[in-house]
Structures are given as structure tokens and as C-alpha cells.
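> I'd like to go over a predicted model; first the sequence, then the structure.
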Amino acid sequence: MNDREDVFDEYEMLRDAFRGEDFGYVNSVHEESNEQASKLLYNVNNVGEPIYPGNIKYTQLKFVTRLLHWKNHNNCSDKVFDELLLLLGDVFPEGHKLPFNYYGVKKMVKKLNLGYKKIHAYENDCMLFYGDDKDLENCKYCELSRYKYATNGGSDIILRKILKFFKITHHLQRLYISTHTAQHMKYHKNKIVTAGVLSHPADGEKWKEFDKNYPDFAADIHNVSLGLATDGFPLYSNTTSTVYSVWLVVLLVYNLPHTMSMKDPYMFMTLLVPGPNDPGRNLNVYLRPLIYELISLWQVGVQTYDASTKTNFMMRATLLWTISDFPGMGMVRGWSTHGKMACHVCMGEVKSKQLPHSRKSNIYRLHMGFRDKRRRSRRKGRIVRNMCAGITFPPPGKPHSKERVDGFGDSHNWTHITSFFDLPYWDSLYCVIVSIICTRRKM
């Protein structure tokens, strides 16, 4: 993919969320938009104006987005970027909308709620300096400082690690503020249902059971059902480069039609966990800000404006399931996917053997009768919580990564209790990934 295609995809995401023709204030509205939505609409209309009078190709938003992509792709410093903006400002006609420096560009993007929050973390993945711990100077577990001296040998101190947190609330509100996407956000309720045909996740057993357990949530068509996907990837493709990987946590909106929910503009990154290595079971630590936000969206909600009906409402949200590969599932769920008891469905009920000339485990003697048992093995959250109730897990952090709890590998494969259990509804959900079955021969 070339540079122009990369930028086009980024702009398409913004355009879908902020279609200029869908905004504006008219006298025929049924209800005035709330203060937050009105402010966002005003800012969006401003950045939708031409970059300079008479330019029909670039709006302010589109041109600045292209410049930011160029800055990132070419590793341009802030100083050089400021000089470029000044040069372009001298060339453009009077009345142009181009900011004069990088600070002005960041202010413009911030008004659109497209930024992120920096959360200080300890480099051993022990804890976040967040919430009640935000003012601490030292790690609660290692008792070491959250800062370290710069590598240049001077007296400057820098943070050891920074988590980037993108609030999902703003993304969901923008989907309703645009009339283009507000209609699609109700597809899960308004779709045509064909008996015996699974055309959308809302037709599935798990979604229907959730609606039955929480009828007040299901009754409001505006409430949002989410899925969480997570995986890591290396930043550098050059084999000579230093190995470094980051870990992403992405939320998917399942209110949308199935043709949209898995498209780039509607997959929202919420957490960017820095490396250089994957956090392992300590991913639980970095999920904390997202868990707090999901709890708030479930218990309280947030006032949102629906542009398609011109009404305000309290939007709530729930997380229905997680999506990951087999190793990632061990990080998210807490059941290790390595060793003799790697299968998260049978949990040791099927005999496993370690191959004599390797460290790999082989699960054999699988038979057709166990397929019927898989359904009974889908344990609900409350059962999983009870299974972990009598286990004392080691503290988080890399210094404790080699520690194993009593019975690990013999009676269970639990490494930690996932923070998803802090969600009020997680006990009622099935705590397995159904798409991964234990008919796989090798783990």
C-alpha cells in the first residue's frame, strides 16, 4: 500500500464519523443537541471548511491529516514541521485555515476528541500510576521510582513506560452524532430476521441469553454491544533491527451490520501497550483504565445525541466477548495455553502427553463423544470465579513472572484472575472462546 492510500484510509475514517453534509443546525430539529454534542458539531463544521477560499479539493481536516501522516512517515521533528507550516502559510492565499505551528494542529485535533491519554506505567509491568495511585512516586510492588535518568548521562529524568489510552466513549458518541452511522447503529434490532439463519451476532445464543438476563439493557435500542480483540505485533520488519513489539487492544461495535462492524473505520483502538516484549499475564494491569470506563458505561452511561432522530439519550455499553489467538487467550482469560493442560475447554479432562524429544504437548485419543461434552464445558463466569477463589496468585510484574501457584500444571492451569470479572455482568457470560475447540492435535 502506498503513502497516499494510507492517508486516504485515515481520512475515510474521519469522514465517515464526521460527514459534513450530515451536520449543521436547522430549525426543524425535534430536540436540541446536548452541550457536548453541540460543541463537537461546531468544531467539526469548522474543520470541514476549505483549507483556503476557493479550494475544492482539501478541507482543513483533510489537509492537516495528510500533513500529520507525512510527519509521521518521514519521522519529521516538531521544529521542522513548524517551519513547513510557516512556509505553507506564506504561500497560501489570505484567509487560509492552516495552523501556524504543530501546537495549533494538536489543539485542532484535541477539539475533535481524537486524542489519547498518557498513563504512567512501571517498566516491569507491575502497576499503573492511575486512579488512586496516580500520585505515587514508587512502584507498590518493586518500590522503585517511576522515573529513570536519561541515557545521555545528564540530570534529566524520564518516565520508564507510558500506556496510551483512547477512550471508547467518544468514538461511540460520534457514531450517533453522524446521521450516516446513527441509522446503522440500530441495525441489530431493526434487521430482518430469518428463522434458522445466523446473519448477525444478535441472532446467536449468547446475545439472546444476555438480553434475557438484562432486559432493561436490551430494551433500549441505542445501547451498544462490544467485542474486544487483542494481539501484539513487531514495529520493525527489518531482521537486523532490535526486536520490539507492542500490544494493541481494539474494540469492535456489533450494533452495526456485519458488513461494517469489521471494517477499519469502526474498529477502535483503546489501548497501546509499549514493549519491548509482550506483557504476558500482566496485560491484566494495562486493561484497568478500559475496565473502569466499561463499568461506567454499564452502570451510568453517557448523554449522547442521535442525529437520525434528533433526540438526546443515555447511552450504555457492554462487552460481550473477547477475540484472540490461542496464546493471546491465555493472557486475556488467565488459563495458560501451554503445557499438558493447555486446552481451555476440557481443562485436563482429555489425556495429554509431552513428546519425548521436544517440549511440545500432544493431546490425543479425542473421539466423537467429546464433541457433545464441549457444550457442557462452556463454563460461565461465576463458575470460573469459584474455581479461582481458593488460589493465591503471585503479584503482577516481571519479577514474579516465573512464580507458579500451587497445583499449576497438575490440577489447573490458572496464572491469574482476569480483571474482566470486575465488570458487573461478566459472571453471567461464558468464559471460553467457542471458535477454538479442543480437537486440535497440538498445542
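Yes, it's here. Numbering: from 1, shown residues only.

> Isn't L86 up against F100?
Yes. Look at L86 against F100 with CB atoms under 8 Å: they come within range, at 6.5 Å. Heads up, the C-betas are built off the backbone N, CA and C, glycines and all.

> What is whichever helix or strand H69 is part of packed up against?
Taking DSSP states H and E as the definition, one finds H69 inside helix 60-73. Helices and strands touching helix 60-73, by 3 or more CB pairs under 8 Å, 6 or more residues apart in numbering; DSSP states H and E, are helix 3-17, helix 35-47, helix 78-91, helix 102-111.

> Just give me how far it sits from the chain centre.
24 Å (CA atoms, centre = their mean, to the nearest Å).

> Next, the angle helix 102-111 makes with it.
In terms of direction (axes from the mean of the first three to the mean of the last three CA atoms, to 10 degrees), helix 60-73 departs from helix 102-111 by 120 degrees.

> So which bits of helix 60-73 are buried?
Q60, L61, K62, F63, V64, T65, R66, L67, L68, H69, K71 (16 or more other CB atoms under 10 Å).

> Show me which of the residues you listed is closest to P234.
Nearest to P234 among the buried residues of helix 60-73: H69, at 21.2 Å, using CB to CB.

> now the helices for the stretch 51-200 of the chain?
In the stretch 51-200 of the chain, the helices defined using DSSP state H, counting those that start in this stretch lie at 60-73, 78-91, 102-111, 168-177, 179-182, 187-190.

> Just the CA trace of the helix holding H69, in CSV.
Only the C-alpha atoms of helix 60-73 are listed here, as CSV (Å, rounded to 0.1, in the frame of the first residue of the first chain):
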residue,chain,number,x,y,z
GLN,A,60,-8.8,21.9,6.8
LEU,A,61,-9.3,18.5,8.3
LYS,A,62,-8.2,16.5,5.2
PHE,A,63,-5.1,18.7,4.6
VAL,A,64,-3.9,18.6,8.2
THR,A,65,-4.5,14.8,8.3
ARG,A,66,-2.2,14.5,5.2
LEU,A,67,0.4,16.6,6.8
LEU,A,68,0.3,14.6,10.0
HIS,A,69,0.7,11.4,8.1
TRP,A,70,3.7,12.9,6.2
LYS,A,71,5.3,14.0,9.5
ASN,A,72,4.9,10.5,11.0
HIS,A,73,6.0,8.6,7.8
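
> Okay, helices next: where are they in the stretch 251-400 of the chain?
Here the stretch 251-400 of the chain has its helices, by DSSP H, counting those that start in this stretch, at 258-261, 283-286, 288-299, 326-333, 369-376, 381-388.

> A202: which of those is closest?
Closest to A202 of the helices of the stretch 251-400 of the chain, according to CB to CB: helix 258-261, at 9.7 Å.

> SS state for the residue nearest in space to the middle of the chain?
Closest to where the C-alpha atoms of the chain average out (CA atoms, centre = their mean) is V250, at 2.8 Å. The three-state label given to V250 by DSSP: H, G, I helix; E, B strand; the rest coil is strand.

> for the stretch 151-300 of the chain, what are the low-confidence residue spans?
Applying pLDDT under 70 to the stretch 151-300 of the chain flags residues 151-155, 236-242.

> let's see 80
Applying pLDDT under 80 to the stretch 151-300 of the chain flags residues 151-157, 179, 192-197, 234-243.

> can you pull out the strands in it?
157-159, 161-165, 224-234, 245-253, 267-273 (DSSP state E, counting those that start in this stretch).
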